[in-house]
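# Fold the following.
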Amino acid sequence: MLLLLLAQFCVLKLLSVLSPALTRRIMLRIGELTTMTRNPLFRYEDWAPSFTTARFLEAVLQGWWSCLGDSAFEGHRAPDCPLITPEGGRTSVHQFIRDGWAFANNVDIKQHRSLQERLAAAQSLIKENPLCPVVVDEMSDITASCYGALPERLYVLQGGKIIYKGSKGPWGYSPEEVRKVLQKMT
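Residues are numbered from 1 along each chain as shown. All right, here's what the predicted structure looks like:
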């Protein structure tokens, strides 16, 4: 899978130079498959050009590396990793779980270099009135590593058990699958 991703990156990078129009069509198709084009606040210019940058490739490779610690499996007990509330308090995944909520939108937050920056980003997210509670991972990214969630991955947890584990985002990101799982739970 990693080799396929690297090949896709190289092809898109080359195409972006040789045929920007074709690259745009391909990227928009990828956006349709991953639902990125369905959010009117998330324009092509906001996300597509970043997929052919060295920074994106570096982030993907870091995500793959960190996922070597993935210990979260569908149908099994969810890892109880430490989390931090936006106020700086300590909690854990199991303490944080609240059944019945789902993400409705996303907010772009830059990568943080300290816990203070991460907490400030959480506060920015809270100002957008998300439809769910907000917590952050420790700076070691232990929770993201245990859940194989870098760069992103959707999960549904109930009663400390993993009900749904999505594919790695952004390409494997499927809110429709999550919606179906949540609907079956009600």
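
# In space, what's closest to the most centrally placed residue in the chain - neighbours in sequence excluded?
Nearest to the mean C-alpha position of the chain, by Cα atoms, centre = their mean, lies Glu152 at 2.0 Å. Nearest residue to Glu152, sequence neighbours excluded (Cβ to Cβ, 6 or more residues apart in numbering): Gly169, at 3.7 Å. Bear in mind the C-beta positions are built from the backbone N, C-alpha and C, glycine included.

# Check the burial of that neighbour by counting its neighbours.
The criterion is other Cβ atoms under 10 Å. On that basis, Gly169 has 17 neighbouring residues.

# before we move on, what about the one 4 residues further on?
Residues contacting Tyr173 under the criterion other Cβ under 10 Å number 20.

# part of a helix, is it?
No. Assessed by DSSP: H, G, I helix; E, B strand; the rest coil, Tyr173 does not belong to a helix; its assignment is coil.

# is it true that it touches Leu154?
Yes. Assessed by Cβ atoms under 8 Å, Tyr173 is found in contact with Leu154 at 6.5 Å.

# Identify the contacts common to the two.
Taking Cβ atoms under 8 Å, 6 or more residues apart in numbering as the contact rule, the neighbours common to Tyr173 and Leu154 are Gly166.

# Looks to me like the residue nearest to Glu152 is in a helix.
No. Residue assignment for Gly169, taken from three-state DSSP, gives coil, which places it outside any helix.

# Please verify my assumption that it contacts Leu154.
Yes. Using Cβ under 8 Å, Gly169 makes contact with Leu154 at a distance of 7.5 Å.

# any residues in contact with both of those two?
When contacts are counted by Cβ under 8 Å, 6+ apart, Gly169 and Leu154 have no shared neighbour.

# roughly how far apart are the residue nearest to Glu152 and Gly63?
9 Å (Cβ to Cβ, to the nearest Å).

# This structure: strands as residue ranges?
Here the chain has its strands, by DSSP state E, at 82-84, 90-92, 136-137, 155-158, 161-165.

# out of the ones you listed, which comes closest to Leu6?
Of all the strands of the chain, strand 161-165 sits nearest to Leu6, with 23.8 Å by Cβ to Cβ.

# list the buried ones in the closest one?
With burial defined by 16 or more other Cβ atoms under 10 Å, the residues of strand 161-165 counted as buried are Ile162, Ile163, Tyr164, Lys165.
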